[in-house]
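>>> Sequence isn't available, so here's the structure alone:
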(Lines give C-alpha, C1' and ligand atoms only; values in the text may rest on other atoms or scores of the structure.)
Protein backbone atom coordinates (compact mmCIF):
# COMPACT_ATOMS: atom_id res chain seq x y z
CA UNK A 1 0.00 0.00 0.00
CA UNK A 2 1.45 3.34 -1.06
CA UNK A 3 0.20 6.78 -0.06
CA UNK A 4 1.33 9.05 -2.87
CA UNK A 5 4.64 8.42 -4.56
CA UNK A 6 7.96 9.84 -3.47
CA UNK A 7 8.12 13.55 -4.30
CA UNK A 8 11.10 14.80 -2.29
CA UNK A 9 14.77 15.29 -3.12
CA UNK A 10 16.66 16.48 -6.16
CA UNK A 11 16.13 15.22 -9.72
CA UNK A 12 18.72 12.43 -9.48
CA UNK A 13 17.24 11.17 -6.22
CA UNK A 14 13.74 11.35 -7.71
CA UNK A 15 14.75 9.21 -10.69
CA UNK A 16 16.46 6.64 -8.46
CA UNK A 17 13.49 6.50 -6.08
CA UNK A 18 10.97 6.23 -8.93
CA UNK A 19 12.95 3.37 -10.47
CA UNK A 20 12.99 1.53 -7.15
CA UNK A 21 9.25 2.08 -6.60
CA UNK A 22 8.47 0.85 -10.12
CA UNK A 23 10.51 -2.27 -9.32
CA UNK A 24 8.31 -2.90 -6.29
CA UNK A 25 5.18 -2.43 -8.39
CA UNK A 26 6.47 -4.77 -11.12
CA UNK A 27 7.11 -7.56 -8.58
CA UNK A 28 3.90 -7.13 -6.55
CA UNK A 29 0.72 -9.11 -7.07
CA UNK A 30 -1.30 -6.12 -5.90
CA UNK A 31 -0.52 -2.49 -5.11
CA UNK A 32 -2.98 -0.06 -3.58
CA UNK A 33 -1.93 3.49 -4.36
CA UNK A 34 -3.46 6.64 -2.93
CA UNK A 35 -2.49 9.62 -5.09
CA UNK A 36 -3.59 12.88 -6.68
CA UNK A 37 -1.09 12.40 -9.52
CA UNK A 38 -3.16 11.40 -12.57
CA UNK A 39 -0.04 10.77 -14.67
CA UNK A 40 1.19 8.26 -12.10
CA UNK A 41 -2.19 6.50 -12.16
CA UNK A 42 -2.00 6.25 -15.95
CA UNK A 43 1.55 4.85 -15.77
CA UNK A 44 1.25 2.23 -13.04
CA UNK A 45 -2.39 1.32 -12.45
CA UNK A 46 -4.63 -1.10 -14.33
CA UNK A 47 -7.75 -0.41 -12.22
CA UNK A 48 -8.97 2.75 -10.53
CA UNK A 49 -11.40 3.69 -7.81
CA UNK A 50 -11.84 7.46 -7.62
CA UNK A 51 -13.18 8.92 -4.40
CA UNK A 52 -14.93 12.24 -3.86
CA UNK A 53 -16.00 13.31 -0.37
CA UNK A 54 -15.25 9.79 0.87
CA UNK A 55 -17.47 8.03 -1.67
CA UNK A 56 -16.55 6.04 -4.77
CA UNK A 57 -17.56 8.01 -7.86
CA UNK A 58 -15.80 5.71 -10.35
CA UNK A 59 -14.59 2.11 -10.36
CA UNK A 60 -13.14 0.38 -13.41
CA UNK A 61 -10.16 0.02 -15.69
CA UNK A 62 -7.63 2.80 -16.06
CA UNK A 63 -8.60 3.23 -19.74
CA UNK A 64 -12.27 3.60 -18.78
CA UNK A 65 -11.32 6.03 -15.98
CA UNK A 66 -9.38 8.21 -18.44
CA UNK A 67 -12.39 8.27 -20.79
CA UNK A 68 -14.74 9.01 -17.86
CA UNK A 69 -12.51 11.91 -16.68
CA UNK A 70 -12.42 13.36 -20.21
CA UNK A 71 -16.22 13.45 -20.61
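Arrived safely, thanks for sending. Please read these numbers as outputs of a predicted model, since none were measured by experiment.
>>> what's near enough to touch the spatially most central residue of the chain?
For the chain, the residue nearest the mean C-alpha position is residue 41 (3.3 Å; CA atoms, centre = their mean). With contacts defined as CB atoms under 8 Å, 6 or more residues apart in numbering, residue 41 is in contact with 33, 35, 48, 62, 65. In short, each C-beta sits where N, CA and C put it, glycine included.
>>> what's the longest helix seen in the chain packed up against?
When the chain is scanned for its longest helix (criterion: DSSP state H), the result is helix 11-27. Using 3 or more CB pairs under 8 Å, 6 or more residues apart in numbering; DSSP states H and E, no helix or strand is in contact with helix 11-27.
>>> Buried ones in stretch 57-71, by neighbour count?
For stretch 57-71, burial by neighbour count (16 or more other CB atoms under 10 Å) applies to residue 65.
>>> starting at the chain centroid, how far to that stretch?
14 Å (CA atoms, centre = their mean, to the nearest Å).
>>> returning to that earlier point: got the buried residues for the longest helix of the chain?
For helix 11-27, using 16+ other CB under 10 Å, the buried residues are 21, 25.
>>> Off-centre distance for it?
Chain-centre distance of helix 11-27: 13 Å, with CA atoms, centre = their mean.
>>> Can you name every helix or strand that the helix or strand just after that helix contacts?
Per DSSP states H and E, the first helix or strand lying C-terminal to helix 11-27 is strand 33-34. In terms of contacts (3+ CB pairs under 8 Å, 6+ apart), strand 33-34 is packed against strand 2-3, helix 38-44.
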